[in-house]
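Asker: Got a predicted model here, sequence first, then my questions.
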Amino acid sequence: MVLLLIPLFAAVLTVLAVIGVRMMRTTGLEEVEASIRSVHETERQVRGLLPLLDLLGKRLVGTAMRLYGAPRLAKLDEAIRRAGRPDGITVIVYIRRQMGFFVLSLFLVVIFGAAGQVYLGLLIGAVLCSWMRLWLVTTGQKRQTQIESELPDFLDVLGVTVAAGLGFRQAVERICEFHEGPLAYEMSTALQEMSVGVSRRQAFLSLRDRTRSEAVGTFVTALLQAEELGVPLADSLSGIATDVRQEYAQRVRQQAAKAAPKVSLVITTTIVPGALLLMVGAILLGNMESFRGIF
C-alpha cells in the first residue's frame, strides 16, 4: 500500500512545486481592463490554488489576527506597503492565504504520517507555512532593487525638467505622468501627501521610510540639505544623480565580488566530485586485469 502511495505523493509534490514557482512571481489575481478581457478569461483567473487557500483560511482570519496582535499587524502592513501591495494584496488577504497554507500543510502532514513519512510531511508543512512570508520578502527586495536602478535616470530627467523652468513639484508630476514603475508610484504618493498639507520634508522622509532603500535615502538626505542651504535645485539634482549612480555601481560590484565564493562553492560541491568519479572510474577500468590479480 505504501509503495502505491509514493507515486501519488511525488505527483502532489511536483504540482505544489510548479504552483509555488508561479506564486513567487505573482499572486494570480492580476487586475485587467474589462474592455480587453472576456468574461471567460476573467473566470479563468480565479481558478487554481488561490481560491482554495482563501476557502481554507477564511474561517481562521479572525483568530490569526488576534494572535498577531496590533504591533505585528502594523509591521505586516508596512512590509506589504514596502512591497508595493502586489496585485492589491492587503493584510486580511495575506493572513487568509497564510492560514490556507497552514490548513493545507496540516492535511499533508496527516497524509504523509499515515504513509510513514512523518519527517517529510513536517518538512513540506514548514515550507508551506513560511511560503507567504518568503513571497512577500522576495517581492519587496525585487521592488527595492528596481527602485534603486530607476532612481539615477529619474533624477537626470528631473534635473533637466527643473532646469527648463518648471518648479520641483510640477516637474515631478510631469515625469510621473509618463514614467511607470515603483519609483514613480512612490513619488506620486509623496506628491499626494504634500497636496493634503504635509510638508515637503515630511513627505520625502516618509518616502525614505517606505522604500527602505539606501539610494532613496541618499537622494532624500541630499535634497533636504540642498533645500536648507539654498543650493540651486537643478545643480543639486545633477550632483545627487551622479552620487546615486556611483553608489549603485559600487553595490553592483560588491554583489559581483560576493558571487565569486558562491560559484567556487558550487563548483567544489558538484563538478569536482563528478570529475573525480570519472577519473577513478577510468583508472579502475584501465587496470582491471591488475586488480583481478591482486584480489
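Answerer: All right, it came through fine.
Asker: After the helix or strand of the chain at the bottom of the mean pLDDT ranking, which helix or strand is next?
Answerer: With mean pLDDT, DSSP states H and E as the measure, the helix or strand of the chain carrying the lowest mean pLDDT is helix 39-45 (a mean of 38). Past helix 39-45, further along toward the C-terminus, the next helix or strand under DSSP states H and E is helix 49-57.
Asker: Does anything pack onto that following helix? Which helices or strands?
Answerer: Counting contacts by 3 or more C-beta pairs under 8 Å, 6 or more residues apart in numbering; DSSP states H and E, the secondary-structure elements packed against helix 49-57 are helix 91-114. In short, each C-beta sits where N, CA and C put it, glycine included.
Asker: Give me the neighbour count for residue 134.
Answerer: When neighbours are defined as other C-beta atoms under 10 Å, residue 134 has 13 of them.
Asker: wait, residue 71
Answerer: The criterion is other C-beta under 10 Å. On that basis, residue 71 has 8 neighbouring residues.
Asker: What separation is there between it and residue 77?
Answerer: Look at residue 71 and residue 77: by C-beta to C-beta, to the nearest Å, they are 11 Å apart.
Asker: Low-confidence bits of the stretch 151-295 of the chain, can you list those?
Answerer: Per-residue confidence of the stretch 151-295 of the chain (counting by pLDDT under 70) places the weak regions at 290-295.
Asker: Now do the helices in it.
Answerer: Using DSSP state H, counting those that start in this stretch, the helices found in the stretch 151-295 of the chain span residues 168-178, 182-195, 200-211, 214-229, 233-266, 272-286, 288-294.
Asker: Please name the residues that touch residue 58.
Answerer: 96, 99 (C-beta atoms under 8 Å, 6 or more residues apart in numbering).
Asker: now residue 70
Answerer: In this structure, residue 70 makes contact with no residue, judged by C-beta under 8 Å, 6+ apart.
Asker: That one and residue 134, how far apart?
Answerer: According to C-beta to C-beta, residue 70 stands 24 Å off from residue 134.
Asker: Kindly report the same for residue 251.
Answerer: Residue 251 sits 23 Å away from residue 134, taking C-beta to C-beta as the criterion.
Asker: just residue 49 next, same as before
Answerer: Shown here: residue 49 relative to residue 134, a distance of 16 Å by C-beta to C-beta.
Asker: try residue 117
Answerer: As defined by C-beta to C-beta, residue 117 lies at a distance of 23 Å from residue 134.
Asker: Check residue 141 too.
Answerer: For residue 141, the distance to residue 134 (C-beta to C-beta) stands at 11 Å.
Asker: can you check residue 87 too?
Answerer: Here residue 87 is placed at a distance of 16 Å from residue 134 (C-beta to C-beta).
Asker: Double-check residue 146 against residue 181; I have them as touching.
Answerer: Yes: under the criterion of C-beta atoms under 8 Å, residue 146 makes contact with residue 181 at 6.5 Å.
Asker: re the thing from before, could you dump the helices of the stretch 151-295 of the chain to TSV with mean neighbour count and distance to residue 55?
Answerer: Rendered in TSV, the data for those read as follows (neighbours: other C-beta atoms under 10 Å; distance: least, C-beta to C-beta, whole Å):
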stretch	mean neighbour count	distance to residue 55
helix 168-178	16	39
helix 182-195	18	31
helix 200-211	17	33
helix 214-229	17	39
helix 233-266	14	41
helix 272-286	10	47
helix 288-294	8	63
